[in-house]
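Engineer: Fold the following, please.
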Amino acid sequence: MNYYIGLSLAASSGMDSGVAVLDEDNNIILVDKLYTMNDVMFFFDNCPYLKYSKLCISLVWDRSMLNGKWRILSKPYQLVATNPLIPNREGWTHRYSTRGCEYFRSLAEKGIEISRFEVYLTRQSLNLNSCYKERSPADCKFLQQTLRYEWGLELSSNMMPMAQLEAIVGALLVKEKCSGNYKIVSKFKDFEVIDVLKNPKLAVSITH
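Structural biologist: Down below sits the predicted model:
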């Protein structure tokens with residue numbers, strides 16, 4: 001039996017990360033919340049079926065990324081690399097964080113297959129994105145209901161944390177990768193960033 005593990009990794013320990021484990025029949029074996037990297041390491045170090053699993057870990061947004069309309073609009077005119085008035089200290093314009101990369105590399109060296117994914121890109125590719133504000137209660141409810149009714153997953157009737165739902169998306173993605181339905185979007189710290197090649201649910205609805 002093969003297992004597919006998705007990890008939605010938060011930017012810091014102050015936010016909850018989610019982990020989800022699916023089997024070959026799309027049965028949810030486990031969903032849980034993690035916080036610190038020690039929690040993440042403890043989970044994988046004590047996971048009894050890790051060697052039978054494929055992992056897909058979300059890219060971590062760097063919380064020092066520029067935000068605000070005026071900052072974004074000023075970027076084409078105030079280049080960080082050339083303007084001495086805006087020094088790029090500590091990589092504060094980097095989009096993604098390297099949180100956990102060293103530990104994930106150590107798992108890869110042990111023979112564990114690990115991929116990375118961009119949550120919002122994959123949600124869009126699988127038609128799991130909504131018209132609601134990102135990570136709002138309405139967006140969370142939409143994602144949970146879509147995973148339940150379109151993907152046939154047995155989810156709780158109570159609202160689940162968004163981190164756990166995003167981890168399920170990662171598990172579904174790595175399952176699609178094992179079936180060959182994936183493409184490499186980019187690379188981040190020696191790991192392939194993947195996405196689905198085509199939405200399998202969309203293909204089924206067209207044929208029927």
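
Engineer: quick one: residue 102 and residue 119, what's the gap?
Structural biologist: Separation of residue 102 from residue 119 (CB to CB, to the nearest Å): 22 Å. The way it works is simple: take the backbone N, C-alpha and C, and place the C-beta from them, glycine included.

Engineer: Of the two, which one has the most company?
Structural biologist: Legend: neighbour count by other CB atoms under 10 Å for residue 102 and residue 119, higher for residue 119 (24 against 10).

Engineer: The more buried one against residue 7, yeah?
Structural biologist: No. Applying CB atoms under 8 Å as the test, residue 119 and residue 7 come out as separate, 11.0 Å apart.

Engineer: what is in contact with those two at once?
Structural biologist: Applying CB atoms under 8 Å, 6 or more residues apart in numbering, one finds that residue 119 and residue 7 are jointly contacted by 58, 170.

Engineer: shouldn't residue 30 be in contact with residue 23?
Structural biologist: No. Residue 30 sits out of contact with residue 23 when judged by CB under 8 Å, with a separation of 10.3 Å.

Engineer: Looking at these two, which is more packed in?
Structural biologist: Set residue 30 next to residue 23 and count neighbours by other CB under 10 Å: residue 23 wins out with 17 against 14.

Engineer: For that one, give me phi and psi.
Structural biologist: When read as degrees, to the nearest 10, the backbone of residue 23 gives phi -100, psi -170.

Engineer: ok, which stretches of the chain are strands?
Structural biologist: 3-8, 17-23, 28-34, 53-58, 60-61, 96-97, 113-117, 183-188, 191-195 (DSSP state E).

Engineer: just the helices in the chain please.
Structural biologist: Taking DSSP state H as the test, the helices found in the chain are 37-45, 69-74, 101-109, 119-125, 137-149, 162-178, 200-207.

Engineer: can you redo those as TSV with mean pLDDT?
Structural biologist: Putting these into TSV (pLDDT from 0 to 100) gives the following:
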stretch	mean pLDDT
helix 37-45	96
helix 69-74	59
helix 101-109	96
helix 119-125	95
helix 137-149	95
helix 162-178	97
helix 200-207	61
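
Engineer: can you put those in CSV and add distance to residue 194?
Structural biologist: Listed next are the helices of the chain as CSV, based on distance: least, CB to CB, whole Å:
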stretch, distance to residue 194
helix 37-45, 19
helix 69-74, 27
helix 101-109, 14
helix 119-125, 8
helix 137-149, 19
helix 162-178, 6
helix 200-207, 15
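
Engineer: Which one, of those helices, ends up nearest to residue 192?
Structural biologist: Among the helices of the chain, helix 162-178 comes nearest to residue 192, with 9.3 Å by CB to CB.

Engineer: contacting residues for the residue nearest the centre of the chain?
Structural biologist: Centroid-nearest residue in the chain, with CA atoms, centre = their mean: residue 58, separated by 2.8 Å. If you count contacts by CB under 8 Å, 6+ apart, residue 58 has them with 6, 7, 8, 9, 116, 117, 118, 119, 166, 167, 170.

Engineer: make it 7 Å
Structural biologist: 7, 8, 9, 117, 119, 166, 170 (CB atoms under 7 Å, 6 or more residues apart in numbering).

Engineer: ok now do the fifth one, which residues does it touch?
Structural biologist: Contacts here follow CB under 7 Å, 6+ apart; on that basis residue 119 touches 8, 58, 166, 169.
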